[in-house]
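J.: coords below, sequence missing:
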């Protein structure tokens, strides 16, 4: 831990100093850094809140609380997002300077997803982003906030870049376009500064983000859109109008039986060009099963030249954003820290994203430096 704090965490604190210097004077910058130091190092020892840290050290002073309360949610959010963007830009510059094979192996993929953060406000009236949402984690409707996060997977590492809240009155897939534009602008800036063209860039989303505007924007920027169609969606395949449910029952299952008789240990899949009527465009469909699954999965991609292996690999990069949400909720215990309104929730979320970024850096550092830790998660 000392090695990490000396080598890697110093980079983060230097960045924090640079980023916060635009908004804070020298004294307040030092005070903010002190609080962040305390909360981060506490997290590395499994202490998730400022209260638990101070109680563990038997400190009754409220000075750190006061310093933290002086910072606005906007200051903390902007600082954390710029910090994460700095980390990502540095890695992206390094990657584009290497060979095309290095880029291909990294499976660079933009990922956007929503997650419900269970939370209770004593007085939620008037808070437009607070409400009752269905949570897949809890398998029921819960009170809280819907958070939309976008980031990029470079190889095994996920970089969270921007987030926003989505109210019940808004369409999540419509709001996602603004975040995708922000992320793509980072790629453009790096490409221009390095004098290169970004190859083979993809966006991976689940079924809730299949949207004409998103797909059209991706096509205009040469980003392959990878999504999940509904089984009832209508396609024209080999001049026949049909839905995916029919294709699975009448073609996939039959061809799979024949294939498995010859090669029982190999995965069977079908790659098929089709016309997607709901989106008014040609796409590539991929039919396959996950290991041991009884369910046949289907993906579609707007890039008509994409290979089956690339399509699957890029789509499943999205599991990294799910693991990031799990890190925030299950490992860092974000729900243990309370909020009284939307602004204080955003401030808390920004802090925990900052802690998660550093924790993932710690995980990466340990895996690289110490052979015994290879493959270990942060927890």
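T.: Looks like it arrived, so ask away. What you see is a predicted model, and the numbers here were worked out from it, not measured in a lab.

J.: C-alpha only now, for contacts and for neighbours.
T.: Will do.

J.: looking at the protein, which strand is longest?
T.: strand 140-154 (DSSP state E).

J.: stretch 277-291: how far from the chain's middle?
T.: Centroid displacement of stretch 277-291 relative to its chain, using C-alpha atoms, centre = their mean, to the nearest Å, is 23 Å.

J.: I misspoke; the intended subject was stretch 130-137.
T.: The answer for stretch 130-137 is 19 Å, by C-alpha atoms, centre = their mean.

J.: from start to finish, how long is stretch 191-206 in a straight line?
T.: 28 Å (C-alpha to C-alpha, to the nearest Å).

J.: next: stretch 193-209.
T.: Termini of stretch 193-209 sit 31 Å apart (C-alpha to C-alpha).

J.: all strands for the stretch 51-200 of the chain, in order.
T.: Ranges of strands within the stretch 51-200 of the chain are 109-118, 130-135, 140-154, 157-165, based on DSSP state E, counting those that start in this stretch.

J.: please identify the buried residues of the last one?
T.: The neighbour-count criterion (16 or more other C-alpha atoms under 10 Å) identifies 157-163, 165 as the buried residues of strand 157-165.

J.: could you do the third one as well?
T.: The neighbour-count criterion (16+ other C-alpha under 10 Å) identifies 142-154 as the buried residues of strand 140-154.

J.: chain center to it: distance?
T.: Here strand 140-154 shows a centroid-to-chain-centroid distance of 9 Å under the convention C-alpha atoms, centre = their mean.

J.: start at 502 instead
T.: With 502 as the first residue, the last one maps to strand 641-655.

J.: that one pairs with which strands, parallel or anti?
T.: Strand pairing for strand 641-655, using DSSP bridges, gives strand 610-619 (antiparallel), strand 631-636 (antiparallel), strand 658-666 (antiparallel).

J.: what is the burial count for the residue nearest to residue 867 when sequence neighbours are not counted?
T.: With C-alpha to C-alpha, 6 or more residues apart in numbering as the criterion, residue 867 has its nearest non-adjacent residue at 6.2 Å, and that residue is residue 874. Close neighbours of residue 874, defined as other C-alpha atoms under 10 Å, add up to 15.

J.: same question, residue 529
T.: 16.

J.: got CSV for the buried residues of strand 658-666, with distance to residue 707 and pLDDT too?
T.: CSV is the format used below for the buried residues of strand 658-666 (distance: C-alpha to C-alpha, whole Å; pLDDT from 0 to 100):
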residue, distance to residue 707, pLDDT
658, 20, 90
659, 17, 94
660, 19, 95
661, 17, 96
662, 19, 96
663, 18, 96
664, 17, 96
666, 18, 96
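
J.: which one of those sits closest to residue 774?
T.: Residue 774 lies nearest to residue 659 out of the buried residues of strand 658-666, by C-alpha to C-alpha, at 30.8 Å.

J.: the closest one pairs with what?
T.: Assigned bridge partners for residue 659, using DSSP bridges, are residue 654.

J.: for it, what are its contacts?
T.: 652-653, 821-822, 825 (C-alpha atoms under 8 Å, 6 or more residues apart in numbering).

J.: distance check, it against residue 728.
T.: From residue 659 to residue 728 the distance is 19 Å (C-alpha to C-alpha).

J.: for the stretch 702-851 of the chain, which segments count as helices?
T.: 713-721, 745-748, 754-763, 809-816, 820-827, 843-870 (DSSP state H, counting those that start in this stretch).

J.: for residue 535, find the nearest of these.
T.: Of these, nearest to residue 535 by C-alpha to C-alpha is helix 843-870, at 13.7 Å.

J.: could you pull out the buried residues of that closest one?
T.: For helix 843-870, burial by neighbour count (16+ other C-alpha under 10 Å) applies to 843, 846-868.
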